[in-house]
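**Q** sequence? don't have it. structure:
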């Protein structure tokens, strides 16, 4: 994949039935995407072995869990889920958009 | 490093003499930090072999180059510099803050 300039706003979609995922950029060592949630939607806690992951809240508000800590996350906050640490979205409190990064990339 | 919740705003610093770098989070496969620039400051084009990198403009405006493309980047834009692709900041046009991610992490 070549270098590029990408406007996030043009890639945001929501799914009325469940939290939605959007692939943005996939390299050999790093993946970036979006996770979007309507209010009340969630992402069950899960683990990625060997993969560090972050979320950056871009808009909205969501109750998130990493390890044994739960916080209400707002724009400008990073959520860091290092390899093997359980993490998830307990519940979106508003319509929420998160940038997500994973290294290495998950299976396509 | 354990999971954590981090407010980016509390970590922003500027250097009057040159673009500044701040380490935020460093895992086994992924690094996150900030690059900050006063107007007119720059980051010489450079290459990371084997390392994918992104910038996300959080505030300000900067003229950036990736490969042979130059763009004026504003908040909400991702700049994707995959492994071996030259990239840099030609010039910050305003006081600018960027989130930067690299996989794998650069030397500490």
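**A** In hand now; what should we look at? As the structure is a computational prediction, the values presented were derived from the model and not from experiment.
**Q** For the helix or strand of chain A with the lowest mean pLDDT, name the packing helices and strands.
**A** Every helix and strand in chain A was compared by mean pLDDT, DSSP states H and E; the lowest is strand A:43-46, with a mean of 95. If you count contacts as 3 or more Cβ pairs under 8 Å, 6 or more residues apart in numbering or on different chains; DSSP states H and E, strand A:43-46 packs onto strand A:87-92. Where C-beta positions appear, they are placed from N, C-alpha and C, glycine not excepted.
**Q** Tell me the gap between the strand it packs on and the middle of its chain.
**A** Averaged C-alpha coordinates place strand A:87-92 at 10 Å from its chain's average position (Cα atoms, centre = their mean, to the nearest Å).
**Q** That one pairs with which strands?
**A** Looking at strand A:87-92 with DSSP bridges, its partner strands are strand A:43-46 (antiparallel), strand A:62-66 (antiparallel).
**Q** Would you mark the buried spots in the least confident helix or strand of chain A?
**A** If you call a residue buried by 16 or more other Cβ atoms under 10 Å in any protein chain shown, then strand A:43-46 has these buried ones: residue A:43.
**Q** Residues touching whatever helix or strand comes next after it, excluding its own?
**A** As assigned by DSSP states H and E, the chain's next helix or strand after strand A:43-46 is strand A:52-59. Strand A:52-59 has contacts (Cβ atoms under 8 Å, 6 or more residues apart in numbering or on different chains) with A:8, A:35, A:64, A:73-83, A:87, A:95-103, B:25, B:27-30, B:32, B:56, B:76, B:99, B:101, B:103.
**Q** need the contact list for residue A:50.
**A** Applying Cβ under 8 Å, 6+ apart, the residues near residue A:50 are A:83, A:84, A:104, B:28, B:29.
**Q** let's go with 10 Å and repeat that
**A** A:83, A:84, A:103, A:104, B:28, B:29 (Cβ atoms under 10 Å, 6 or more residues apart in numbering or on different chains).
**Q** Where does residue A:10 sit: helix, strand or coil?
**A** Following DSSP: H, G, I helix; E, B strand; the rest coil, the label given to residue A:10 is helix.
**Q** distance between stretch A:61-68 and the chain's centre?
**A** Between the centre of stretch A:61-68 and the centre of its host chain there is 11 Å, according to Cα atoms, centre = their mean.
**Q** Now do the same for residue A:107: its pLDDT.
**A** Note for residue A:107: predicted pLDDT of 89.
**Q** Give me the neighbour count for it.
**A** Using other Cβ atoms under 10 Å in any protein chain shown, the number of residues around residue A:107 comes to 3.
**Q** Residue A:46 versus that one, what's the distance?
**A** Going from residue A:107 to residue A:46 by Cβ to Cβ, to the nearest Å gives 14 Å.
**Q** With residue A:75 instead?
**A** Using Cβ to Cβ, we find residue A:75 at a distance of 24 Å from residue A:46.
**Q** now do residue A:53
**A** Going from residue A:53 to residue A:46 by Cβ to Cβ gives 10 Å.
**Q** Residues in contact with both of the two, list them for me.
**A** Common neighbours of residue A:53 and residue A:46 are listed as A:81, A:87 (criterion: Cβ under 10 Å, 6+ apart).
**Q** what residue ranges in chain A are flagged as low confidence?
**A** Flagging of chain A using pLDDT under 70 yields the residue ranges A:1.
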